[in-house]
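Engineer: Dropping the sequence and predicted coords here.
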Amino acid sequence: MTFTGLIGRICMFPLRAIIGACVALRIHPNILTFVGVLINIAAAWELGIGHFVAAGVIMVVANIFDFIDGKVAVDLGAVSKFGGFWDSVIDRFSDIALFIGLIYLYSHMGRTDYVMIASLAMMFAIMTSYTRARAESLIAKCKVGFMERPERIVLFMIGAFTNRMAGVLWVILVLSVFTVADRVIHTYRALREPRREVLA
Amino acid sequence: MKHPATLPARILWNAFFWTYERASWQYDVMVIAILAFVWLVPPDWLKDPTAHGMGPIGWIFERFR
């Protein structure tokens, strides 16, 4: 087993208990999604005032809600098209909130260089989601590129807990640029060669 | 699109034009490379607004100087 797979399995133990509790209490998954974004806004606030460790702790809590909503929906038999749409929209708000927290912090410190880096990282993070959503309205699947939301969130937490947010922003920016490029190229190729898309 | 012929170029190509699943060995390697960058590159090199110093690399340089 790979070490990232092992970490995933270890994290699933407490999450299963939380999912079980939410199912027992019959909490609607759309409410969990909404609570997740509210907690993420609190994390963004802490990032904005430079309290990185507090922001990291709050992000962990927020992303538990983010992670479990889909599983709770399945267990409750409450899976719906609107639930998927709502989750995607709320996820974008959560993403943007965290970046705005950092942009506020860096602008308050007078660091226009990092305001730009955080802004560009935010732009490409949003484009990562948009390119996939738009591509999948034209082709069957566009799940290529490394830097998706879970990777971004874990990197944000690592940056917050270890005070290495600059390195994290550079990684998110560079890999998000490649992810967007990857998705554009993949979609172009799939549309140019429709037969290959059917086979893929 | 043709894939690059040489091994280093192919590694870089596959790293940036990513098609591997999560929890594959390629994913592990990528995660290790990212963590190495984030934790080992000195904050001063990146002009980090919130962290300072030379980090672990600076410490290693100091030890062996």
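Structural biologist: That came through, no problem.

Engineer: Tell me how far the longest helix along chain B lies from the chain's centre.
Structural biologist: Ranked by residue count and defined by DSSP state H, the top helix of chain B is helix B:25-40. Between the centre of helix B:25-40 and the centre of its chain there are 6 Å (Cα atoms, centre = their mean, to the nearest Å).

Engineer: what about residue A:10, which SS state?
Structural biologist: At residue A:10 the chain is in helix, as set by DSSP: H, G, I helix; E, B strand; the rest coil.

Engineer: how far away is it from chain B?
Structural biologist: 12 Å (Cβ to the nearest Cβ, to the nearest Å). Placement of C-beta: from N, CA and C, glycine included.

Engineer: didn't residue A:15 look like it was pressed against residue A:67?
Structural biologist: Yes. Residue A:15 is in contact with residue A:67 according to Cβ atoms under 8 Å; the separation is 6.5 Å.

Engineer: Would you mind pulling up the elements that the helix or strand immediately after the longest helix of chain B in the chain packs against?
Structural biologist: Downstream of helix B:25-40, the first helix or strand assigned by DSSP states H and E is helix B:43-46. Helices and strands touching helix B:43-46, by 3 or more Cβ pairs under 8 Å, 6 or more residues apart in numbering or on different chains; DSSP states H and E, are helix A:165-192.

Engineer: can the helix it packs on be found next to chain B?
Structural biologist: Yes. Using Cβ under 8 Å from any Cβ of the partner chain, helix A:165-192 comes into contact with chain B via A:165-168, A:170-171, A:175, A:178-179, A:181-182, A:185, A:189.

Engineer: Contact residues of chain B facing chain A?
Structural biologist: Contact residues (Cβ under 8 Å from any Cβ) of chain B with chain A: B:1, B:15-19, B:22-25, B:27-28, B:30-31, B:34-35, B:37-39, B:41, B:43, B:46-51.

Engineer: Name all residues that make contact with residue 23.
Structural biologist: Picked chain A for this. A:72, A:75-76 (Cβ atoms under 8 Å, 6 or more residues apart in numbering or on different chains).

Engineer: I was thinking of chain B, sorry if that wasn't clear
Structural biologist: A:2, A:4-5, A:8.

Engineer: Give me the neighbour count for residue 58.
Structural biologist: No chain in the question, so chain A it is. For residue A:58, the count of nearby residues is 21 (other Cβ atoms under 10 Å in any protein chain shown).

Engineer: hmm, I had chain B in mind actually
Structural biologist: Around residue B:58 there are 15 residues (other Cβ under 10 Å).

Engineer: Many thanks, have a good one.
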